[in-house]
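# 3D, please:
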Amino acid sequence: MQRPRVVAAIVVVGVMVDQATKHWAVTALDDGSTIDLVWTLRFALGFNSGFAFSMGQGLGPLVGVVAVAASWWLWRSALRAASATVSTGFALIAGGAIGNLVDRLLREEAWMRGRVVDFIDLQWFPVFNIADSCITVGAATLVAGMFMEQRREGRTA
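Numbering: from 1, shown residues only. Model prediction:
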């Protein structure tokens, strides 16, 4: 079966793109500069030691432990999903969780004390990164896949 390979590819590509863009952001924007793109979209470097939308600052180690457990569960769920769409949603969320977990594990000197690099700034929404985007797109994909499964089951009943 191809599912484990596809899930692994989605997770690995998500983590690689996330980490490559974070490396670029830290290198290009470390002097406090910003890059304006279109409308309110700009790149501006920020760091988050908490969780979503900078809540829970200083809880990085706890968030890291939860992220390890969640990543494992998401991986297993992606492999067991009934449809490719649901599997893809779980894999995207896992890739995003692991991308941010890598920052927590390795970005600072102390284990699990790292801050997540954020750099995509809409100026009217909290600053985020590619991992956060994977999580968001994955969640939307997961909901859509589950909705499609439910509709399909309703037709066969």
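
# Now residue 10: which helix or strand?
helix 3-28 (DSSP states H and E).

# list the buried ones in that helix?
The neighbour-count check on helix 3-28 (16 or more other C-beta atoms under 10 Å) flags 6-8, 10-11, 14-15, 17-19, 21-22, 25 as buried. In this view, the C-beta of every residue, glycine as well, is placed from N, C-alpha and C.

# quick one, the helix or strand hosting residue 62 and helix 3-28 angle?
Element membership for residue 62 (DSSP H and E) is helix 60-80. Direction vectors for helix 60-80 and helix 3-28, defined by axes from the mean of the first three to the mean of the last three C-alpha atoms, to 10 degrees, enclose an angle of 150 degrees.

# Which positions within whichever helix or strand comes after helix 60-80 qualify as buried?
For helix 60-80, the following helix or strand on the C-terminal side (DSSP H and E) is helix 84-106. Neighbour-count burial for helix 84-106 flags 85-105 (criterion: 16+ other C-beta under 10 Å).

# Distance from stretch 31-43 to the middle of the chain?
Relative to the centre of its chain, stretch 31-43 is centred 21 Å away, using C-alpha atoms, centre = their mean, to the nearest Å.

# Just the CA coordinates for it, please, in PDB.
In PDB, the C-alpha atoms belonging to stretch 31-43 read as follows (Å, rounded to 0.1, in the frame of the first residue of the first chain):
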ATOM      1  CA  ASP A  31      18.300  43.100  11.700                       C
ATOM      2  CA  GLY A  32      14.700  44.100  12.300                       C
ATOM      3  CA  SER A  33      14.000  44.800   8.700                       C
ATOM      4  CA  THR A  34      10.700  43.900   7.100                       C
ATOM      5  CA  ILE A  35       9.800  43.100   3.500                       C
ATOM      6  CA  ASP A  36       6.500  44.500   2.200                       C
ATOM      7  CA  LEU A  37       4.900  42.300  -0.500                       C
ATOM      8  CA  VAL A  38       1.300  43.100  -1.400                       C
ATOM      9  CA  TRP A  39      -1.500  44.900   0.400                       C
ATOM     10  CA  THR A  40      -0.900  44.200   4.100                       C
ATOM     11  CA  LEU A  41       1.200  41.100   3.600                       C
ATOM     12  CA  ARG A  42       4.800  41.500   4.700                       C
ATOM     13  CA  PHE A  43       7.600  39.400   6.200                       C
END
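
# Kind regards, and thank you for your time.
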